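Q: just coords:
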């Protein structure tokens, strides 16, 4: 399969995000399953999935963390298949959080936006809900991510157990809860920095993030960063070992807008980013 065929299989290649290379903001929330912490791991697989009753699409990501594996589906589009939404307060068009999360992962590890990633059909042993066991299934995979090492902020959450209401077809809380893990933020293997912090670092040097991305030099920019970012330290101080209760009746919002720092930057005049991170 040649590169053109691989790209053609990427359903996100023709999606129109709110802004080119818009990076996700760094928000720090409060919360078995692993305890809330930052873990080193490896991507076992990442494949594209779709909702049964709409055009909503996701990427299912399986991470190997020591002897454990955690698999989560991250929804990247709405029911119409769009990767954006309109903010009710500001009326701005913004990227869906799940889109930004996977896009940020691709930029951090592969120096590519998700729409530019190669996609190949692979057969994986995946759980089938009808047969209630793992069976071989052909899925469209982001194979460039397979086998890559990373670090990930994982939060332990308490959520409602739900059951399908046969009358409405909707899943409703049963009154019981369970603990789950959620992927909150991804980091490169050797540095606890977010894509937002990388973007700010490039800007602080007078460069343009989009140019560095297009040149495939995100990894070089990360290697030039001498310290871990503030997000990881602040998130750990606030959340390590804590459980985020999202069950019925509980409301816990975002409490730290660390990502807004990416909108700041150097007062120096902008210059070409060409060669900024050349050896």
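A: Thanks, I have the structure now. Worth saying up front: this structure is predicted, and the values here are computed from it rather than measured.
Q: report the central residue of this structure.
A: residue 101 (2.5 Å; Cα atoms, centre = their mean).
Q: quick check: which element contains it?
A: helix 97-110 (DSSP states H and E).
Q: can you give me the buried ones in that helix?
A: For helix 97-110, the neighbour count (16 or more other Cβ atoms under 10 Å) marks 98-110 as buried. Quick note: C-beta positions are derived from backbone N, CA and C, even for glycine.
Q: please apply the same query to stretch 60-72.
A: Of the residues in stretch 60-72, those buried (16+ other Cβ under 10 Å) are 60-63, 65, 70.
Q: my read is that residue 193 contacts residue 230, right?
A: No - using Cβ atoms under 8 Å, residue 193 makes no contact with residue 230, being 9.5 Å away.
Q: so which elements touch the helix holding residue 101?
A: Counting by 3 or more Cβ pairs under 8 Å, 6 or more residues apart in numbering; DSSP states H and E, the packing neighbours recorded for helix 97-110 are strand 57-65, strand 68-75, strand 149-164, strand 171-187, helix 195-204, helix 218-224.
Q: sheet partners, orientation included, of the longest one?
A: For strand 171-187, the paired strands and their directions (DSSP bridges) read strand 149-164 (antiparallel).
Q: distance to residue 77 and pLDDT added to the buried residues of helix 97-110, as JSON lines?
A: Output for the buried residues of helix 97-110, formatted as JSON lines (distance: Cβ to Cβ, whole Å; pLDDT from 0 to 100):
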{"residue": "98", "distance to residue 77": "8", "pLDDT": "96"}
{"residue": "99", "distance to residue 77": "7", "pLDDT": "96"}
{"residue": "100", "distance to residue 77": "12", "pLDDT": "96"}
{"residue": "101", "distance to residue 77": "13", "pLDDT": "97"}
{"residue": "102", "distance to residue 77": "11", "pLDDT": "97"}
{"residue": "103", "distance to residue 77": "12", "pLDDT": "96"}
{"residue": "104", "distance to residue 77": "16", "pLDDT": "96"}
{"residue": "105", "distance to residue 77": "16", "pLDDT": "98"}
{"residue": "106", "distance to residue 77": "16", "pLDDT": "97"}
{"residue": "107", "distance to residue 77": "18", "pLDDT": "97"}
{"residue": "108", "distance to residue 77": "21", "pLDDT": "97"}
{"residue": "109", "distance to residue 77": "21", "pLDDT": "97"}
{"residue": "110", "distance to residue 77": "21", "pLDDT": "97"}
